[in-house]
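Trainee: Just a sequence and a predicted model for now, questions to come.
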Amino acid sequence: MAWSALDGLVVTGVAPGGNVGAGRRPTPRLGGARPRRVGARRRVRGVTARRVAEIVGVDGRVVGVDVSVDTIAAAGSIDAAPDSPPIEWIAADAAALSLDRPVDLVVSRFGVMFFDDPVAAFTNLRTVTRPGGRLAVAVWLPRTQSEFQRRSLDTAVAAANRLGVHLHLPDPASGPFRYGDREWFTGVLEDAGWRQVGWEPGDAAA
């Protein structure tokens, strides 16, 4: 897989000397030698995969993966940028992804927060990554720390109240927002077999 092999993955950066970057940076940042094979996930027509392909260069391999067949079809209809390798587009669930060769790097931008079984999913991602390979993902802030999420929720609640509807709000730390909990997410990655996990806070507006 080359820098785009999982639906939704994005880069945050890799901790010095580590093989995993877990954090909240909205744009990819790579450290060390340029990877030759990368797996990335992105829902909007392969934006992340294309960015990675430009960095990897024509000699690299990039695989873009998304669970949505329509998204993959739309992404595949766009030509690769000059000096970028052709991107292999795969419609698949990253939690059960199987590749013919292991990749150097798996990248996701806000796409790993919806697994039914996070530990099992990240374990599978580790199995498609070569020994010493890296995982770099960006995740949402906790809901209580995200101004965008707070405003959206407040607007929805106010609109419902005007209609006489009472909304039952879930725990702020539940669902995809729990990935912003450093201790919890680091534990998931370590339970999945990833080591030297790094964490880098990103833009608080994300």
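Mentor: Ah, there it is.
Trainee: starting at the chain centroid, how far to the longest strand that the chain contains?
Mentor: In the chain, taking DSSP state E as the definition, the longest strand is strand 129-138. Put simply, strand 129-138 sits 11 Å off its chain's centre (C-alpha atoms, centre = their mean, to the nearest Å).
Trainee: Buried ones in that strand, by neighbour count?
Mentor: Neighbour counts over strand 129-138 (16 or more other C-beta atoms under 10 Å) mark Thr129, Gly133, Arg134, Leu135, Ala136, Val137, Ala138 as buried. Every C-beta, even on glycine, is put in place using the N, C-alpha and C of the backbone.
Trainee: Relative to Val65, how far out is Leu189?
Mentor: 19 Å (C-beta to C-beta, to the nearest Å).
Trainee: returning to that earlier point: in its sheet, which strands sit next to the longest strand of the chain, and in what direction?
Mentor: strand 20-23 (parallel), strand 103-109 (parallel) (DSSP bridges).
Trainee: Arg126 against Ala192, yeah?
Mentor: Yes: in terms of C-beta atoms under 8 Å, Arg126 counts as a neighbour of Ala192; the distance is 5.9 Å.
Trainee: Overlap in contacts, the two.
Mentor: Common contacts of Arg126 and Ala192 (C-beta atoms under 8 Å, 6 or more residues apart in numbering): none found.
Trainee: who has more neighbours, Leu189 and Val65?
Mentor: Neighbour count, other C-beta atoms under 10 Å: between Leu189 and Val65, Val65 has more, with 32 against 22.
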